[in-house]
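1. mind folding the following:
(chains A and B)
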Protein chains: 2
Amino acid sequence: MIEEKENIQFELTHELIEQVEMLVANSDDKALKLLLNDFHYADVAEILDELDLDDSIYVIKLLDSETTSDILTELDEDTREKVLENLSAKEIAEEVEELDTDDAADIIAELPEERQAEVISRIEDDEHRDEITELLTYDDDTAGSLMAKELVKVYETWTVAGCLRRIRGQAKEVTRVHSIYVVDKEEKLIGRLSLKDLIVAKSEQKIADIAKENVDFVNVADDVEDVAKVMAKYDLEAIPVVDNLQTLLGRITIDDIVDVLKEEADKDYQLAAGITQGVEADDSIIELTRARLPWLFLGLVGGVGAFLIMEGFQNTFEKYAVLFFFTPLIAAMAGNVGVQSSAIIVQGLANDDVKGSINSRLIKEMLLAALNGTILALFLFLFVWATKGEFYTALAISVSLIAVIIVAGLIGTFVPLFLDKRGIDPAIATGPFITTSNDIFGILIYFWIAKLILNI
Amino acid sequence: MIEEKENIQFELTHELIEQVEMLVANSDDKALKLLLNDFHYADVAEILDELDLDDSIYVIKLLDSETTSDILTELDEDTREKVLENLSAKEIAEEVEELDTDDAADIIAELPEERQAEVISRIEDDEHRDEITELLTYDDDTAGSLMAKELVKVYETWTVAGCLRRIRGQAKEVTRVHSIYVVDKEEKLIGRLSLKDLIVAKSEQKIADIAKENVDFVNVADDVEDVAKVMAKYDLEAIPVVDNLQTLLGRITIDDIVDVLKEEADKDYQLAAGITQGVEADDSIIELTRARLPWLFLGLVGGVGAFLIMEGFQNTFEKYAVLFFFTPLIAAMAGNVGVQSSAIIVQGLANDDVKGSINSRLIKEMLLAALNGTILALFLFLFVWATKGEFYTALAISVSLIAVIIVAGLIGTFVPLFLDKRGIDPAIATGPFITTSNDIFGILIYFWIAKLILNI
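-> Numbers count the residues shown, from 1 in each chain, chains lettered A, B, ... in the order given. As a prediction, this is how the structure comes out:
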């Protein structure tokens, strides 16, 4: 019987962590096994992330390697690194034997280079060792780095009955059978089948007759983000990976793509917020400082730039002190508009939504900024005129605001498009980079236009 | 034979669109069918999104409903709305008959209410109609709104052989068989099986003996974001949906979750950039203005607030004009720090990474901000002292900067945590909301502390 769960989610409570800590302290192995076997390995990993290193290692050494290998893959990178440092090459090799090739290669890739060779040499299964060694040769961020060697492969010449017989063998090693890939005698991918097709077919039919020839695939050197786009767009749950000769090398499954999409989204979000990618709320103050300080320093330099500009206009504006009081407003609007327009472009580029030329994009943004700017400037004009009673000051500030917003929108649109054309990740263009440059340009344009209008 | 594709991605070229437009203009139906049948329906949808409405409708009416129903699900919401307006209730019903219940319900839900009933009444298959009607009753953002009724279900009392026979029937209607769900005679979910388990088992075995009792499931009323978290964490490709009595109602597949994750990431990114969710680069200027102007208006109000504060300090600082030239710097730093700390908290909350109390979080952020602030203030102090030669002015500005950064960090940390506790999406806290309030607080604190230090 299924237990009634109130919540769909496992909850990591203080009580649970204390309970595990106490069982470890008392070396109550039996109770510990009983307790932890009830949880999914991803949940056990969450518990271990919270324990002291010694306690985590105690638990890892206690549980059998079939479970602990899965737990290892789910640990926080920091915790995993420390745990692996405390395991021998032989122990790591044993864990790795239990894993699919892609997870195994990921764990080995995190080890220092000299240990990698040692661990690989300790893997007893020759085929598993060779496959992991192959996977380690592919570059990060390519399809090869994401694929697993485990898949179900049949030859076009087989019959359905023969195929089912052989699949019973192959499938035991493959966690999930999404598609059965059909190859010719040179191992080239020529089609696919679903298990369903096979079950529905007659047992004497030839594979070549029931295989679907229309099979999506990616090249081993393709970028993972492109693989993610293809799989998301076509709703694929697995995609085969081939080399330039169309030889079937492995397959990528959707769960890995879900992770890629999450990482990509997190990275873009952090860049937009001015944080160097990859930190988490629970990282140390030093790590967080390293991720945040450079961007703040950029802001500091921008602020000094704004200071120098304002100082330059100091004498001109002795009688217009009020202009200086609006600089935070001007800087804020320039920054906000810049972030908005760059964010829309960055997201459009990521989703392949940005069609047409850079010029038409810039014209559209200019019209948009002019419209928004005029509406906002009208409010500002009325406010300044009503409170200060100076028509020309109000006019100067409002007209400058429109100009600032248009320029900010153009910069926000142009920079990510330009970066993208040059092959640089446009996501770095949002956030502090745009706000800082727009602050400076905005304040410069503001004083310059105000000076023109007030005829100083 | 598989065609050699150079790119893994379909490319939407001007030439292709012109070719389609020409074929439509010439009513060359044969060539049009031949051309479009070569593409995946998701690619055809991309082509149609680019055509004039009349041309799109021409193509939709030309192709058979098996293809067009899939194309409909992939169209941009705007295009789909217009296309559906131009189809009769009977035509829509025919499209919907071809779709899985979840996609069918999604399309019907987009219709005006009076049309919904009309289309539903035209669906000929009674079971399909009842299932769609059921799906339409579930609230948006719940598991029910995402699930499909199509699944493969077996009773615990069946044998493997009987099961395989019956599955041949059920499976034909189910696009992808992830898991086979085992129910008791009251239709309650009690376990699961994979097709693989079934193929590997002996034909006389009872389902009850080979079923895995440990099956993850979600309640029909669960939030879709929670469903996404569970499926991502446990690497699930499908999850069954049950009601409070554990009755099996449907299943959710990972491709829908990929869409949820993408939408969620896009929404958070847009909120952080000050854009009301859901606009795209190719939306009209009016739509983009509606999404952007409110946030800019918030910035305008903040800027007016900053103006009022600075005006209030005007007389106090007649001899310290230099202080005013640093307000853009102060505002920028307050904004940047606020966005950084709120982004880390928002992301941590989304990933369930934020552990511990609000107080410990605030203390950590205070230390972090103090460290960053001190380093930045040191540079600023040296710059002001070196260029202006006024020790106390330099000291006042730098010490204020530290205070401003600490307060900005605390606000950035506290606000999303507070919103989250109150059940409000913390993502609205990043972006213009935080930068605007931090601008105002920052400038106020800056002048106030400078006044204290300069002893005016």
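2. get me the contact residues on the stretch 351-456 of chain A for chain B.
-> Residues of the stretch 351-456 of chain A found near chain B (CB under 8 Å from any CB of the partner chain) are A:351, A:353-355, A:361, A:364, A:367-368, A:371-372, A:375-376, A:379-380, A:383, A:405, A:430-432, A:435-436, A:439, A:443. To be clear about C-beta, it is placed using only N, CA and C from the backbone, and glycine gets the same treatment.
3. now list the buried members of those.
-> Listed as buried from those are A:353-354, A:361, A:364, A:368, A:371-372, A:376, A:380, A:383, A:405, A:430-432, A:435-436, A:439, A:443; burial here means 16 or more other CB atoms under 10 Å in any protein chain shown.
4. filter those residues down to the ones in helices?
-> A:361, A:364, A:368, A:371-372, A:376, A:380, A:383, A:405, A:432, A:435-436, A:439, A:443 (DSSP state H).
5. of all these, which two lie farthest apart?
-> Comparing all pairs in those by CB to CB, the longest separation belongs to A:R361 and A:F383, at 32.6 Å.
6. tell me the secondary structure for A:L84?
-> Assigned state for A:L84: helix (three-state reduction, DSSP: H, G, I helix; E, B strand; the rest coil).
7. how about the contacts made by it?
-> A:L72, A:I92, A:I107, A:E110, A:L111 (CB atoms under 8 Å, 6 or more residues apart in numbering or on different chains).
8. buried subset of the residues you listed?
-> Buried among those (16+ other CB under 10 Å): A:L72, A:I92, A:I107, A:L111.
9. how about those residues in a markdown table, adding pLDDT and distance to chain B?
-> Formatted as a markdown table, the buried ones among the contacts of A:L84 follow (pLDDT from 0 to 100; distance: CB to the nearest CB, whole Å):
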| residue | pLDDT | distance to chain B |
| --- | --- | --- |
| A:L72 | 93 | 15 |
| A:I92 | 93 | 22 |
| A:I107 | 93 | 16 |
| A:L111 | 93 | 23 |
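10. let's have the contacts of A:L84 in CSV, adding distance to A:I120 and secondary structure.
-> Listed next are the contacts of A:L84 as CSV, based on distance: CB to CB, whole Å; DSSP: H, G, I helix; E, B strand; the rest coil:
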residue, distance to A:I120, secondary structure
A:L72, 16, helix
A:I92, 10, helix
A:I107, 11, helix
A:E110, 13, coil
A:L111, 10, coil
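11. and the two most separated of those?
-> Largest separation among the contacts of A:L84 by CB to CB: A:L72 and A:L111, giving 11.9 Å.
12. how's chain A carved up into domains?
-> Per automatic domain parsing, the structural domains of chain A span A:14-141, A:152-253, A:285-454.
13. most neighbours per residue, which of those?
-> The highest average neighbour count among the domains of chain A, using mean count of other CB atoms under 10 Å in any protein chain shown, belongs to domain A:285-454 at a mean of 21.
14. ok, now which ones touch A:D266?
-> Residues near A:D266 by CB under 8 Å, 6+ apart: A:Q277, B:Q347, B:N351.
15. switch to 10 Å and redo it
-> Residues near A:D266 by CB atoms under 10 Å, 6 or more residues apart in numbering or on different chains: A:Q277, A:G278, A:V279, A:E280, B:A265, B:D268, B:A343, B:Q347, B:A350, B:N351.
16. A:W295: what secondary structure?
-> The local conformation at A:W295, judged by three-state DSSP, is helix.
17. how about it: what's its closest non-neighbour residue?
-> A:G274 (3.7 Å; CB to CB, 6 or more residues apart in numbering or on different chains).
18. got a list of contacts for stretch A:358-370?
-> When contacts are defined by CB under 10 Å, 6+ apart, stretch A:358-370 is touched by residues A:337, A:340-341, A:344-345, A:348, A:354-357, A:373, A:402-414, A:417-418, A:420-421, B:281-282, B:284-286, B:288-289, B:292-293, B:296.
19. show me these that map onto helices.
-> Among these, the members falling in helices (DSSP H) are A:337, A:340-341, A:344-345, A:348, A:373, A:402-414, A:417-418, A:420-421, B:285-286, B:288-289, B:292-293, B:296.
20. who's in contact with A:L349?
-> Contact partners of A:L349, counting by CB under 10 Å, 6+ apart, are A:P416, A:L417, A:L419, A:D420, A:D425, A:P426, A:A427, B:A281.
21. and A:D78, by the same measure?
-> Applying CB under 10 Å, 6+ apart, the residues near A:D78 are A:D49, A:E280, A:D282, A:D283, A:S284, A:E287.
22. now the strands for the stretch 51-200 of chain A?
-> Per DSSP state E, counting those that start in this stretch, the stretch 51-200 of chain A carries strands over the ranges A:152-155, A:180-183, A:189-193.
23. tell me which of those strands sits nearest to chain B.
-> Judged by CB to the nearest CB, the one of those that comes nearest to chain B is strand A:189-193, at 6.1 Å.
24. among the strands of the stretch 51-200 of chain A, which comes closest to B:D38?
-> That would be strand A:189-193 among the strands of the stretch 51-200 of chain A, by CB to CB, at 17.0 Å.
25. got a list of contacts for the closest one?
-> A:152-156, A:160, A:163, A:167, A:178-184, A:201, A:207-208, A:210-217, A:238, A:240-242, A:246-249, B:1-2.
26. A:K185 and A:T247 touch, don't they?
-> No. The criterion here is CB atoms under 10 Å, and A:K185 misses it with A:T247 at 11.9 Å.
27. just for chain A, where's the confidence low?
-> Across chain A, the ranges flagged by pLDDT under 70 are A:1-9, A:170-177, A:355-356.
28. rewinding a little: nearest to A:E98, of the contacts of A:L84?
-> A:L72 (9.5 Å).
29. quick revisit: let me have the strands of the stretch 51-200 of chain A in TSV, extended by distance to B:K233.
-> Listed next are these as TSV, based on distance: least, CB to CB, whole Å:
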stretch	distance to B:K233
strand A:152-155	26
strand A:180-183	28
strand A:189-193	29
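30. assumed A:I239 was part of a strand.
-> Yes. Counting by three-state DSSP, A:I239 is part of a strand.
31. show me what it is bridged to.
-> With DSSP bridges as the criterion, A:I239 is bridged to A:I252.
32. contacts only, for it.
-> Contacts of A:I239 (CB under 10 Å, 6+ apart): A:143, A:147, A:178-179, A:215-218, A:222, A:227, A:230-231, A:250-254, A:257, B:8.
33. repeat that with 8 Å
-> A:D216, A:F217, A:V218, A:V227, A:V230, A:M231, A:R251, A:I252.
34. from those, which two are the most distant?
-> With CB to CB as the measure, no two of the contacts of A:I239 lie farther apart than A:V230 and A:R251, at 13.3 Å.
35. now do the helices in the stretch 201-350 of chain A.
-> Here the stretch 201-350 of chain A has its helices, by DSSP state H, counting those that start in this stretch, at A:207-210, A:224-233, A:254-272, A:285-312, A:321-325, A:327-350.
36. out of these, flag the one nearest A:I123.
-> Closest approach to A:I123 among these is made by helix A:254-272 (21.8 Å; CB to CB).
37. buried set for that closest one?
-> Using 16+ other CB under 10 Å as the test for burial, helix A:254-272 gives A:254-258, A:260-262, A:264-272.
38. lovely, talk soon.
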